[in-house]
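Engineer: Give me a model of this one.
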Amino acid sequence: KGKGGWSLAASVIPREGDLALVDLGSVAEIGGTIDQWRNSFGQTSDGQAAGAKLRKQIWEPLIEYVKDADLILISTDGFLGRLPLAALPGKKPGTYLIEDHPVANIPVPQLLPDLVSEDDERDVDDQRLLLVGDVDYDSGKATESEAPTPTIETLAATRAAHGLAWPRLRQTGREVDFIGELFGQTQQEGGEAVVSLRDKHATEATFRDYAPKCSLLHLATHGFFAPPEKKSALSPEMFAETKDTMQLGQQQQHRFVGFSPGQLSGLVFAGANNPPTSLGTLSDDTESDDRIMTADEIAYLPLQGVELAVLSACETGLGEVA
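Structural biologist: Below is the predicted model of the structure:
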C-alpha cells in the first residue's frame, strides 16, 4: 500500500530463473475497469475499451516474463477472481488472450504438487460419470400442519426460516440426459459408465457415496450462499472482534467470532427446502445431512480420483468478493 492506496502486484515464478515481482498499478482503478468490462463481457464499445485497458494494465507487463512458455498457470486473488483472464483481447483484433498464450487457472499455488503428482492411488472406475440434475428440493417436505419444529439451526434452516426456497430446475433434466447420452457414445459396451442422480434421489448422502468412485462429475443444481448477516471469522470486522476478545481474555478463554468461510457456501441437494429436525449420526443416512454440502464438507471428501468436476449454473461469477 502506497500513498495513493493499494496497488496490485503479480509474482512470476519461471521454470528457470529468478522470481519477479511486478507492480500492476492501482487496485481501485483496475477494479473499476473490471466492473466496466463485466457489464457486457467486452461485447459493447465501452466493454471493448475496458478489455483493451485491462490487457495493457495487467497482462502486457507480464509478457516479457512469460514469453513463449508452453503453459502459464495463473492463481488470482480477491477481485481478480471475477475476471476470466483468458477472455481478454488477444494481440490481433477480434482474438482472445487464450489464442496467444496457453493459460490455466489453479485455485491456490499450494495445490500444484498434488495436481501434477502421479503417486495418487485412484480407487475409481475409469471414465465413470456422475450426473446430478432435475433435483427435487421439496422432497420429503411435510405440510404446514405436519411440519415439525426444527431443533437445530443450520445455515440452510436459517434460509428456510426467512421464507426463501430453491425452485426446481426442470431444464437441467434435459441437460444431464444429453450429457449422459453423449458420454455413452464415447464408451465401449459393458459396465455402468453413467450414474444419474435425479429427483428425490439426488441427496447429499448419495452424492457423498458416489462422488469418490467416479472420475467425472457434472452437477446442475443451485448454489448455496449464506445470508449477509452470517459473517466469516476471517472477515476484517470479525477478525478485529476476535483479536479484541483475545487481548481481553486469558489464553484458555480465547474464542473466535463468526463462521468458518467454508460453511458459507455450498451445493444444494434434494430436500433442501425441508429444514432438518436433527443432524443424527453419520450412520443415519439422510438424517445426518442438512441437504446442503458446504465447501468444508467437500474438502473432506476423498476426491483424488476426480479428473474433472463441472458446476453447471446460471449467473456464475457475478457476485461480490466476500
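
Engineer: State the mean pLDDT of the helix ranked longest in the chain.
Structural biologist: The longest helix of the chain (DSSP state H) is helix 171-185. Helix 171-185 shows a mean pLDDT of 93.

Engineer: Buried by neighbour count: which residues of it qualify?
Structural biologist: Neighbour-count burial for helix 171-185, counted by 16 or more other CB atoms under 10 Å, picks out 172, 173, 175, 176, 179, 180, 183. For every residue, glycine as well, the C-beta is placed using N, CA and C.

Engineer: can you pull the contacts of the residue lying closest to the fifth one once chain neighbours are set aside?
Structural biologist: What that stands for is residue 179. The shortest distance from residue 179 to any non-neighbouring residue, by CB to CB, 6 or more residues apart in numbering, is to residue 218 (5.9 Å). Taking CB atoms under 8 Å, 6 or more residues apart in numbering, we find residue 218 in contact with 129, 130, 131, 132, 133, 176, 179, 309, 310, 312.

Engineer: Just the buried ones from those residues, in PyMOL syntax?
Structural biologist: Of the contacts of residue 218, the buried ones can be selected in PyMOL as follows, counting by 16+ other CB under 10 Å:
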select buried, resi 129+130+131+132+133+176+179+312
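
Engineer: what residue ranges in the stretch 1-150 of the chain score low on pLDDT?
Structural biologist: The model of the stretch 1-150 of the chain has pLDDT under 70 over residues 1-4, 118-126, 141-150.

Engineer: so where do the helices sit in it?
Structural biologist: Secondary structure of the stretch 1-150 of the chain (DSSP state H, counting those that start in this stretch): helices at 27-38, 45-54, 60-66, 97-100, 112-116.

Engineer: Can you name every helix or strand that the shortest one contacts?
Structural biologist: Read it as helix 97-100. Contacting helix 97-100 under the criterion 3 or more CB pairs under 8 Å, 6 or more residues apart in numbering; DSSP states H and E is no other helix or strand.

Engineer: distance of residue 229 from residue 295?
Structural biologist: Note on residue 229: its distance to residue 295, by CB to CB, to the nearest Å, is 19 Å.

Engineer: The two: which is more packed in?
Structural biologist: Taking other CB atoms under 10 Å, residue 229 and residue 295 do not tie; residue 295 has more neighbours (15 against 6).
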